[in-house]
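[1] Take this sequence and fold it.
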Amino acid sequence: MDSSNFYTGKGDRGDTARLMGETRVAKSSALIEALGTMDEATSAIGLARALAQSEAAGQALLTVQRHLYVFMSHLSAVPEARSQYPGLSEAEVGWLEDTIASIESDLPTLKDFVLPGESHAGAACHLARTAVRRAERRVVALHETESNLAAPNLAYVNRLSSLLFVLALEEDRLSGVSPRLARDAAET
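    This next block holds a predicted model:
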């Protein structure tokens, strides 16, 4: 078998190395499920970033992707070593909250559910939002079994879907379209 920079073959039996520790874990474990879903969310955020019309939105999404890799290093650490890989801090959670506040101040108040799809970039942000929500559920399930994930990491992933929602609305606004509300769709 030839050597490759892109695969090792070590996981061919259904397990993988924990990135920050010496142990191997099943690919079906709650840890690998959480990491894989976070990776999927990061990729969806990358699509939203690639489609973003606003340079500020693109920069915010790039910052988020970098934050998520720090968070994933925290997840990857064996539980007894997580303090060496603390992940995100209250500062990153504060950055998210400040960014949400600055964007939402320019948006209309909504009183119904929004149907995604009014612009390409907005739809990509909504898709990323749903991937983040799924990742959050996987991270919470992992936290229930390992219970030593640092609190700011959990708060960050919870707030992130709100950032993606307001970015979706902002990207729609920049495209010259208004949000399509679920109630309005039923009436047409």
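[2] Could you pull up phi and psi at residue 114?
    The phi/psi pair for residue 114 (degrees, to the nearest 10) reads phi -100, psi 140.
[3] Next up, the contacts around residue 111.
    Going by Cβ atoms under 8 Å, 6 or more residues apart in numbering, residue 111 touches no other residue. In this view, the C-beta of every residue, glycine as well, is placed from N, C-alpha and C.
[4] Tell me the secondary structure at it.
    coil (DSSP: H, G, I helix; E, B strand; the rest coil).
[5] Now find how far off-centre the lengthiest helix in the chain is within its chain.
    In the chain, taking DSSP state H as the definition, the longest helix is helix 120-146. Offset of helix 120-146 from its chain centre (Cα atoms, centre = their mean, to the nearest Å): 6 Å.
[6] Report all helices and strands that that helix contacts.
    helix 30-51, helix 55-76, helix 151-174 (3 or more Cβ pairs under 8 Å, 6 or more residues apart in numbering; DSSP states H and E).
[7] pLDDT score assigned to residue 148?
    In this model, residue 148 is scored at 74, pLDDT.
[8] And for it, the neighbour number?
    11 (other Cβ atoms under 10 Å).
[9] again with the one 4 residues further on
    Residues near residue 152, counting by other Cβ under 10 Å, number 19.
[10] can you check residue 84 too?
    Residue 84 - counted by other Cβ under 10 Å - has 11 other residues nearby.
[11] try the one 3 residues further on
    Per other Cβ under 10 Å, the neighbour tally for residue 87 reads 22.
[12] Wasn't it part of a helix?
    No: Residue 87 is assigned coil when assessed by three-state DSSP, not a helix.
[13] thought it was touching residue 152?
    Yes: with contact defined as Cβ atoms under 8 Å, residue 87 counts as touching residue 152 (7.1 Å).
[14] residue ranges with poor pLDDT in this protein?
    Scanning the chain with the threshold set as pLDDT under 70 gives 1-22, 147, 184-188.
[15] go again using 90 as the cut-off
    1-32, 73-87, 104-118, 143, 145-151, 175-188 (pLDDT under 90).
[16] Quick check: closest non-adjacent residue to residue 46.
    Spatial nearest neighbour of residue 46, chain neighbours left out: residue 65 (6.4 Å); criterion: Cβ to Cβ, 6 or more residues apart in numbering.
[17] how much space between that neighbour and residue 39?
    11 Å (Cβ to Cβ, to the nearest Å).
[18] repeat for residue 55
    From residue 55 to residue 39 the distance is 26 Å (Cβ to Cβ).
[19] and the two? which has more neighbours close in?
    Ranked by neighbour count (other Cβ under 10 Å), residue 55 and residue 39 place residue 39 first, with 15 against 8.
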